[in-house]
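[1] Build me a structure from this.
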Amino acid sequence: MEPQLNSTDLWLLVVTLVLILVAAVLAVAETSITRMSRARAAALQEQQRRGAERLVRIVDNLERDLNAVYLSVNVVQVVQSALVGVLAGRLFGSLGVAIGVVLNVMVLFTIAEAAPKTWALQHTDRAALMTAGLVEWIPGLVVRWPARLLIGVANVILPGKGLKKGPFVTEEEILALAVEAAEAAVIEKSERELIESIIDFGDTVAREVMVPRPDMVAVDREMSVSETVELSIERGLARLPVLGDNADDVVGVVNVKDAVRAEREGGGPGASSM
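    The predicted structure follows:
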């Protein structure tokens, strides 16, 4: 016997299809907004693109609006999945749950996840501008406070003081995005290396770049320019501290470029001594 659709089943089907469409739009918004930088949003605003002002406000308050989007996605997907299960159970009986799960996974992944997110990655600017109003209006007004409440509950449950803001992107995720962007020729290899060096520099502690006091190379303020240049070449240093009465009396720093220029000019003030 073929499954028959009554008015209730048709209503459930329509609501389910609408929720799948909403999930797809939210997936586009989530992907495009997370890939939008402040600089790019400002550039779109300078071009007077429609929706750019909203986009700038969203990027400036990313954790606030993005949390609302995440919560909206979860709510839509959970409700849609429940409706699919109910509808499949009404149509197919005992096998309805299994059929509903399979159909829901296939449809939701294809239509509401993979396809819209791929499109958003390919057209980030257009997708972000199109969904900026949705991100700022519907999630912001409807689920912003519930999102903050749930994050606060999570921070209470987790050990420690919790986090006041979120979500956050880890260094590993940033590096992975940089590698993927370089492989896809979105950014240059030198730009990827620059991103990696910036992150590495942030993890550098002072003792890794400091020079111990006994190893410090300095010049006396009475030392001639020629002697200073020779010392810098011998030690391979570009700048040297200039000492006064003792090692604690640092009166300045001499740049070897300036010392070489003074030596070439010859006879200028300070050419005979520092």
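[2] Just want to check the distance between the closest residue in space to Pro241 that isn't next to it in sequence and Val225.
    Leaving aside its sequence neighbours, Pro241 sits nearest to Ala218 (Cβ to Cβ, 6 or more residues apart in numbering; 4.6 Å). (C-beta placed from N, C-alpha, C; glycine too.) According to Cβ to Cβ, to the nearest Å, Ala218 and Val225 sit 15 Å apart.
[3] same thing with Met36?
    Distance from Met36 to Val225, by Cβ to Cβ: 53 Å.
[4] between Ala218 and Val225, which one's more packed in?
    Per other Cβ atoms under 10 Å, whichever of Ala218 and Val225 has more neighbours is Val225, with 24 against 15.
[5] Look up how far Glu234 lies from that one.
    Val225 is 15 Å from Glu234, by Cβ to Cβ.
[6] thinking again about what came up before, could you give the backbone dihedrals for the residue nearest to Pro241?
    Dihedral pair for Ala218: phi -140, psi 170, per degrees, to the nearest 10.
[7] these two touch, right, it and Leu237?
    No. Contact between Ala218 and Leu237 fails when scored by Cβ atoms under 8 Å: they sit 10.0 Å apart.
[8] What segments of this structure are helices?
    Along the chain, the stretches classed as helices by DSSP state H are 7-34, 38-46, 52-60, 62-92, 96-109, 115-122, 124-142, 144-157, 171-183, 189-202, 206-209, 225-235, 256-265.
[9] okay, the angle between the longest one and helix 124-142?
    Compare the direction of helix 62-92 with that of helix 124-142 by axes from the mean of the first three to the mean of the last three Cα atoms, to 10 degrees and you get 80 degrees.
[10] can you pull the buried residues of helix 62-92?
    62-63, 65-73, 75-77, 80-81, 83-88, 90-91 (16 or more other Cβ atoms under 10 Å).
[11] Start and end of stretch 106-115, how far apart?
    12 Å (Cα to Cα, to the nearest Å).
[12] Quickly note the distance from the residue nearest to Thr16 when sequence neighbours are not counted to Leu71.
    Closest residue to Thr16 apart from its sequence neighbours, by Cβ to Cβ, 6+ apart: Leu83 at 4.8 Å. Distance, Leu83 to Leu71, by Cβ to Cβ: 19 Å.
[13] How far does stretch 45-55 sit from its chain's centre?
    Distance, stretch centre to chain centre, for stretch 45-55: 20 Å (Cα atoms, centre = their mean, to the nearest Å).
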